[in-house]
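> Let's see this in three dimensions:
(one chain, ligands or ions: 1)
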Amino acid sequence: MEKKSYPSFSSRLGFIMVTAGAAVGLGNIWSFTYVVGSNGGGGFVLIYLLVLLFLATPIFMAELLLGRMGKASPPEALSKLQKQAGSKIPWAVPAWMGLISTIFILSFYAVIAGKVMGYGFEALFGGFGGWNGEQIADLNTSYNGNELLSAFWAGLFLALSVWIVGTGVRSGLERASKIMMPALFAMLLGLAIFAAIEGDFARGFDFLFGFRNVEFSAAIFLEALGLAFFTLSIGVGGIMVYGSYMGDDVSLPSATVWIVIMDLLVAILAGLAIFPLLFGAGLDAGVGPNLVFAAVPQAFAALPGGSVLAFIFFLLLTVAALTSAISLFTPTVQRLVENGWSRRKAAWSMFVPAFGLSILTTLSFGSWNDFYPLAFLGLDGLTFFDLIYKGTNNIVLPLGGLAFALIIGWGLQRDKVRAALSMKSDALFTIWYGLLKYIIPLAIIFLFVKTIWP
Ligand code: PHE
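Residues are numbered from 1 along each chain as shown. From the prediction side, this is the model:
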């Protein structure tokens, strides 16, 4: 199992940018605005920031560390560490759960990323320039209603991701993310400035940061936690794989801080760009998953050369989505490669279930938009998409994070963790370790229990 030539990134900057590319994706732009919008804004953002700092960031570090210590696919890495620790509990179980959930995440991720590509295509052929609000709303409705088109783009997005994962193009894409990430950043900044001038900035800003209506319920905390985990890609083993590529000379804590800051900045910038535009156009923040597709074209429609800018924006978002999708494929592909499969075969074998499941999300936005499959269990008002989205984000990711925290806090020896992390400050290590050992497990278990039995 121990391969001498285990791949690793040579430079610290390379590692940080590539891992940030895996973390930053639709979650930061599409989910962040949609979930914040649906939960009333500022109060929810405050809770998001709290859980990001105290729960998600320490777990991000834990997942990276487990990857760097185990140097294999997540199930193998954790079994290896389990054996070394002499534990009888099968540590690989949460890793397998993570691998299965990546297929479910990919299934809706592909539909949204496909729509981003579809909108980019529309822009390429002159769409949005000079359009009015009604035309933009109509495009959204007709896109969602055209299930074949939506499935086509979702399939294309998945095929593209599989092709990249299966061939060596990946390193090229990773190099590209060093350029694309700053470009996405600049684009969002530009949009935010435009939104500040043209949109209803005061209302957008107040919506995001006016900490009113804070509802400190367990369900809201769990929702914020799910969003924080999703935007940072933790809980499924994706980050563990990136950790396994991480050179031992790269400081894990400082890499974590940089990645979390970039991830958060993209989300905040997206919020600052999108909410003022939305309010400026007289739209409502609680519209759900179509929010980005309602607000962003409004901005480009009003700009000279808007179609070109819109095309660039959707292109950058596609690349951000691709780098994240790759990180969803990698843990399973890595595991299958350990069984002797070729990368290509491993990647394509995931295409079929991911694409098959994606049909459920496509239909949830189309003709099944009022079909609630688990209504008989009291889960009324939730489509297939809602169930898959909430099930993965609010249940599977926190459970994965919980498992990683328990493994670091209770499974491994403290000294071993201390040595592997090579954190300079003793005080910071003690805080991080204490959070993982006591606070985080208790908090996550408490949130689950309180959400089920309020
Ligand atoms: N973090 C990615 C995004 O924001 C999504 C993701 C979640 C990727 C979980 C991998 C694992 O788009």
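
> What parts of the stretch 1-150 of the chain come near the ligand?
Proximity of the stretch 1-150 of the chain to the ligand, by Cβ under 6 Å from any ligand atom, involves residues A23, G25, L26, G27, N28, I105. (C-beta placed from N, C-alpha, C; glycine too.)

> With the stretch 201-350 of the chain instead?
Counting by Cβ under 6 Å from any ligand atom, the stretch 201-350 of the chain comes close to the ligand at F230, T231, S233, V236, G238, S324, S327, L328.

> Indicate the residue of the stretch 351-454 of the chain located nearest to the ligand.
Residue nearest to the ligand within the stretch 351-454 of the chain: L397 (6.9 Å; Cβ to the nearest ligand atom).

> List the contacts of the closest residue to P289 other than its chain neighbours.
Spatial nearest neighbour of P289, chain neighbours left out: Y34 (5.1 Å); criterion: Cβ to Cβ, 6 or more residues apart in numbering. By Cβ atoms under 8 Å, 6 or more residues apart in numbering, the contact set of Y34 is G288, P289, L291, V292.

> Helix, strand or coil: sort out Y34 for me.
Classification of Y34 using DSSP: H, G, I helix; E, B strand; the rest coil returns helix.

> so the residue of the stretch 351-454 of the chain closest to the ligand touches T231, yeah?
No. L397 is not in contact with T231 according to Cβ atoms under 8 Å; the separation is 10.4 Å.

> And the worst-scoring helix or strand of the chain on mean pLDDT, what does it pack against?
Scoring the helices and strands of the chain by mean pLDDT, DSSP states H and E places helix 169-198 at the bottom, with a mean of 83. On a contact count with 3 or more Cβ pairs under 8 Å, 6 or more residues apart in numbering; DSSP states H and E, helix 169-198 meets helix 12-23, helix 147-166, helix 252-280, helix 291-302, helix 306-338.

> what inclination does it have with respect to helix 12-23?
Interaxial angle, helix 169-198 versus helix 12-23 (axes from the mean of the first three to the mean of the last three Cα atoms, to 10 degrees): 70 degrees.

> List the buried residues in helix 169-198.
For helix 169-198, the neighbour count (16 or more other Cβ atoms under 10 Å) marks 170, 173-174, 176-177, 180-181, 183-185, 187-188, 191-192, 194-196, 198 as buried.

> Show residues contacting the helix or strand that that helix is followed by.
Using DSSP states H and E, the helix or strand that follows helix 169-198 in sequence is helix 201-209. Residues from elsewhere that reach helix 201-209 (Cβ under 8 Å, 6+ apart): 36, 41-42, 45, 195, 268, 271-272, 274-280, 285.

> in the stretch 251-400 of the chain, what residue is nearest the ligand?
Ranked by Cβ to the nearest ligand atom, the top residue of the stretch 251-400 of the chain for proximity to the ligand is S324, at 3.9 Å.

> Could you pull up the residues touching that residue?
By Cβ under 8 Å, 6+ apart, the residues touching S324 are G21, A22, A23, V24, G25, L26, G27, Y109, S233.

> Report pLDDT for F9.
Per-residue confidence (pLDDT) for F9: 66.

> Helix or strand: which one has the nearest residue to V260 once chain neighbours are set aside?
Closest residue to V260 apart from its sequence neighbours, by Cβ to Cβ, 6+ apart: T57 at 5.2 Å. Secondary structure assignment for T57, by DSSP H and E: helix 57-70.

> ok, the residue nearest to P289 to A192 distance?
From Y34 across to A192, the span is 18 Å (Cβ to Cβ, to the nearest Å).

> Please apply the same query to L291.
From L291 to A192 the distance is 16 Å (Cβ to Cβ).

> What pLDDT is listed against the residue lying farthest from the centre of the chain?
Centroid-distance maximum for the chain: G86 at 33.6 Å, with Cα atoms, centre = their mean. G86 is assigned 96 on the pLDDT scale.

> May I have the residues that are in contact with it?
Neighbour list for G86: empty [criterion: Cβ under 8 Å, 6+ apart].

> now the angle from whatever helix or strand S101 lives in to helix 57-70?
Per DSSP H and E, S101 falls inside helix 92-124. Using the same axes, to 10 degrees, the direction of helix 92-124 lies 110 degrees away from that of helix 57-70.

> Mind listing what's buried along helix 92-124?
The neighbour-count check on helix 92-124 (16+ other Cβ under 10 Å) flags 92, 94-99, 101-120, 122-123 as buried.

> what's the very next helix or strand once past it packed up against?
Scanning forward in sequence from helix 92-124 by DSSP H and E, the next helix or strand is helix 133-145. Counting contacts by 3+ Cβ pairs under 8 Å, 6+ apart, helix 133-145 packs against helix 92-124, helix 147-166, helix 291-302.

> Make TSV from those and add distance to L374 to it.
Converted to TSV, the helices and strands packed on helix 133-145 look like this (distance: least, Cβ to Cβ, whole Å):
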stretch	distance to L374
helix 92-124	15
helix 147-166	22
helix 291-302	24
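
> With mean pLDDT added, can I get those helices in CSV?
As requested, the helices and strands packed on helix 133-145 are exported to CSV (pLDDT from 0 to 100):
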stretch, mean pLDDT
helix 92-124, 97
helix 147-166, 96
helix 291-302, 88
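
> how close does P58 sit to T256?
Separation of P58 from T256 (Cβ to Cβ): 9 Å.

> Also A23?
From A23 over to T256 the distance is 10 Å, taken as Cβ to Cβ.

> Those two: who's more crowded?
More neighbours surround A23 than the other of A23 and T256, with 27 against 23 (other Cβ atoms under 10 Å).

> my read: the more buried one touches A228, true?
No. If you go by Cβ under 8 Å, A23 and A228 don't touch, sitting 11.2 Å apart.

> Now G41: closest residue in space, sequence neighbours ignored.
Of all residues not flanking G41 in the chain, F207 sits nearest, at 4.1 Å (Cβ to Cβ, 6+ apart).

> Do I have it right that L52 meets T256?
No. Judged on Cβ under 8 Å, L52 makes no contact with T256 at a distance of 11.9 Å.

> Spell out the secondary structure type for R212.
At R212, secondary structure determined by three-state DSSP is coil.

> Quick one: neighbours of it, just the number.
Neighbours of R212 (other Cβ under 10 Å): 11.

> list the contacts for it?
Listed by Cβ under 8 Å, 6+ apart, the contact partners of R212 are G42, G43.

> give me that answer again for 6 Å
Counting by Cβ atoms under 6 Å, 6 or more residues apart in numbering, R212 touches G42.

> now A151
Listed by Cβ under 6 Å, 6+ apart, the contact partners of A151 are T362.

> one more time with 10 Å
By Cβ atoms under 10 Å, 6 or more residues apart in numbering, the contact list for A151 reads A110, V111, G114, F355, S358, I359, T361, T362, L363, G366.

> ok, now G120?
G120 makes contact with G127, W153, A310, F311, I312, F313, F314, L315, L316, L317, T318, according to Cβ under 10 Å, 6+ apart.
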